[in-house]
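# model the following, please.
(2 chains)
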Amino acid sequence: QVQLQESGPGLVKPSQTLSLTCTVSGGSISSGGDYYWSWIRQSPGKGLEWIGYIYYSGSTYYNPSLKSRVTISVDTSRNQFSLNLSSVTAADTAVYYCARVDIPVALDAFDIWGQGTMVTVSS
Amino acid sequence: DIVMTQTPLSSPVALGQPASISCRSSQSLVHTDGNTYLSWLQQRPGQPPRLLIYKISNRFSGVPDRFSGSGAGTDFTLKISRVEAEDVGVYYCMQATQFPLTFGGGTKVEIK
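Numbers count the residues shown, from 1 in each chain, chains lettered A, B, ... in the order given. You can find the predicted model right below:
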């Protein structure tokens, strides 16, 4: 079955760019165009926060609160999608999850989640 | 942004007893397509969130039938008919009707 796995640095310095990758295994990221590929983060102070998602074609939807700093991209040849968050501060310290939305089922069907990766912003 | 408010914050429940969690949205969650995109997620300790319910009341594959969702408009409820030990965790409601998608603050279910 399809699985998601986040990867990337666990420590990022303030003002730098946080870069994470989610690798999709057990299925194609571009299979039939039925999915949104999403990033969500969880911090003790703010709970769960939707960052944005991307369609296999490259169309993106971002949370306006992060839009000026976020880029989500997809690499169909590597079956991966990525998150870049620029100009990070301590407030960006969180567990970052990648997740899949099954569009034909429902826009709220976040049916598969990665295990999450902790990112700490600190000098 | 649509604000999702969950109550209670914590719910101590005896094994085998029912539990109920409320979620209220600051605006109607009825989408222009006629659907209501309100889901419930369970997060067990140390685990990522897991989809339980989507579109108010549809149980996701593999979810036990002791979990049920109901509601309409701005008021929604997740019920566990008989709490089991494996149900311990934090439960979140989430709306995907309007951008940005937003989550409730979570309700912790624990065994009394």
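# chain B contacts on chain A?
Residues of chain A lying close to chain B (CB under 8 Å from any CB of the partner chain) are A:47-50, A:61-65, A:97, A:101, A:105-111, A:113-116. C-betas here are computed from N, CA, C, even on glycine.
# which of the residues you listed count as buried?
Burial by neighbour count, judged by 16 or more other CB atoms under 10 Å in any protein chain shown, picks out A:47-50, A:61-63, A:97, A:101, A:105-111, A:113-114, A:116 from the residues of chain A next to chain B.
# looking at these, which are in helices?
Counting by DSSP state H, no part of these is found in helices.
# and residue 87, what does it touch?
Defaulting to chain A. Applying CB atoms under 8 Å, 6 or more residues apart in numbering or on different chains to A:S87 gives the contacts A:S15, A:T17, A:R69.
# should've been chain B
Contacts of B:D87 by CB under 8 Å, 6+ apart are B:A19, B:Q42, B:I80, B:V109.
# nearest to chain B, of the contacts of A:S87?
A:R69 (14.2 Å; CB to the nearest CB).
# check the contacts of A:S87 for burial and list the buried ones.
A:R69.
# just the contacts of A:S87 now: which is nearest B:L38?
A:R69 (28.6 Å; CB to CB).
# which residues of chain B lie near chain A?
Counting by CB under 8 Å from any CB, chain B sits next to chain A at B:31, B:35, B:37-39, B:41, B:48-51, B:54-55, B:58, B:60, B:92, B:94-97, B:99-103, B:105-106.
# among these, which are in strands?
Of those, the ones assigned to strands by DSSP state E are B:L38, B:S39, B:L41, B:R50, B:L51, B:Y54, B:N58, B:Y92, B:M94, B:Q95, B:T102, B:F103.
# how about the closest residue to B:T7 other than its chain neighbours, what does it touch?
Leaving aside its chain neighbours, B:T7 sits nearest to B:S22 (4.9 Å; criterion: CB to CB, 6 or more residues apart in numbering or on different chains). By CB under 8 Å, 6+ apart, the contact list for B:S22 reads B:Q6, B:T7, B:P8, B:D75, B:F76, B:T77.
# how far does stretch A:19-33 sit from the chain's center?
Centroid displacement of stretch A:19-33 relative to its chain, using CA atoms, centre = their mean, to the nearest Å, is 11 Å.
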